[in-house]
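Engineer: structure of the sequence below:
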Amino acid sequence: MERPRLVASDVDGTLLGDDGPSPRTRAVITRMVDAGVPLVLATGRPPRWIPRVCEALGVHPLTVAANGAVLYDAAADRVLAAETLDVETLAAVVDGLRAAVPGCGIAVERVGAGAFDRREEQFVSDPAYVHAWPLPDHRHVGPGDLLAEPVIKVLARHPTRRSDDMARAAVAAVGHLVDVTYSAGGGLLECAVRGVTKARGLERAAAHHGVHAADVVAFGDMPNDLAMLRWAGHGVAVGNAHADVLCVAQEVTASNLDDGVASVLERWF
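Structural biologist: Got it, this is the predicted structure:
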């Protein structure tokens, strides 16, 4: 395609390597933004996990967070829009997940006005929840607190199960209530409002920038990126991507550890 008018990228496993963005990635993003082409981060991460990525990249872009449920202005530290599960649906989803994936722990993500608003209340879980990432920041609460207010995401974690197996069971049980996806293989599911995907969030972000889908290049690696890659004018999978993503992408680049995103962007910037 011709030079894009907007570039969207997943974060973990796509834009970042094991130690964050490489100097090559930072350099091409700086040239791109200086040329007037905005970056949109599109990630499963909640807003509170975005500022550290922005600092590492050297830019503070509009961000599609929580798999499309939140549109977050990183420069202003302001949540522009959020789509939440109401408490009745939340309770039904949690019951369904526990029945479909016996032994799983449940956590919920909430959102405030900014990344760190009500920080201790943003990520809470039942005592059975085992965090999938280092340096966990969730807080264990009782059943009443877990289901007390609307959420942007429900997470189900079972450390000894595969995410794809869990997803099949969860879709059968609660797929009529929520969108079920995953961004890691180690027994972690992410559930959002039905119809909320990175594609929906990116469409909103592109409209904010006055850009149409045909002029967007999007990069991803996991099933939670599928809808976004289909939506964008040019969808690119990094070489380390999930097999389903490799099948959907219009182009496959090098892995995230080999500067796959940068190698594509360097055609134009």
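
Engineer: quick check, pLDDT for the closest residue to Arg119 other than its chain neighbours.
Structural biologist: Closest residue in space to Arg119, ignoring its immediate chain neighbours: Arg48 at 6.4 Å, by Cβ to Cβ, 6 or more residues apart in numbering. Glycine gets a C-beta too; all of them are placed from N, C-alpha and C. pLDDT for Arg48: 94.

Engineer: what about Arg48, which SS state?
Structural biologist: helix (DSSP: H, G, I helix; E, B strand; the rest coil).

Engineer: tell me how far it lies from Gln122.
Structural biologist: 6 Å (Cβ to Cβ, to the nearest Å).

Engineer: equivalent analysis for Val236, please.
Structural biologist: 31 Å.

Engineer: and for Ala75?
Structural biologist: On the measure of Cβ to Cβ, Ala75 and Gln122 end up 20 Å apart.

Engineer: for Ser22, which non-adjacent residue is spatially closest?
Structural biologist: Asp259 (5.6 Å).

Engineer: how about the contacts made by the spatially closest residue to Pro61 that is not a sequence neighbour?
Structural biologist: Distances taken as Cβ to Cβ, 6+ apart place Leu39 nearest to Pro61, at 4.5 Å, with adjacent residues excluded. By Cβ atoms under 8 Å, 6 or more residues apart in numbering, the contact list for Leu39 reads 7-9, 29, 32-33, 57, 59, 61.

Engineer: was I right to think the residue nearest to Ser22 contacts Pro23?
Structural biologist: No - assessed by Cβ atoms under 8 Å, Asp259 is found out of contact with Pro23, at 9.5 Å.

Engineer: the more surrounded of the two?
Structural biologist: Asp259 (21 against 9; other Cβ atoms under 10 Å).

Engineer: now Glu120. Nearest residue, chain neighbours left out?
Structural biologist: Arg139 (6.1 Å).

Engineer: my guess is the one you found contacts Asp126. True?
Structural biologist: No - judged on Cβ under 8 Å, Arg139 makes no contact with Asp126 at a distance of 10.9 Å.

Engineer: neighbour count: the two, which is higher?
Structural biologist: Asp126 (19 against 14).

Engineer: let me see the contact set for that one.
Structural biologist: So Asp126 contacts 105-107, 140-141, 143, 146 (Cβ under 8 Å, 6+ apart).

Engineer: redo that, cut-off 6 Å
Structural biologist: Contact partners of Asp126, counting by Cβ atoms under 6 Å, 6 or more residues apart in numbering, are 105-106, 146.

Engineer: for the nearest residue to Asp244 once chain neighbours are set aside, give its distance to His209.
Structural biologist: Once flanking residues are discounted, Asp244 sits nearest to Pro223: 5.7 Å by Cβ to Cβ, 6+ apart. Going from Pro223 to His209 by Cβ to Cβ gives 26 Å.

Engineer: more neighbours, the two?
Structural biologist: Pro223 (22 against 15).
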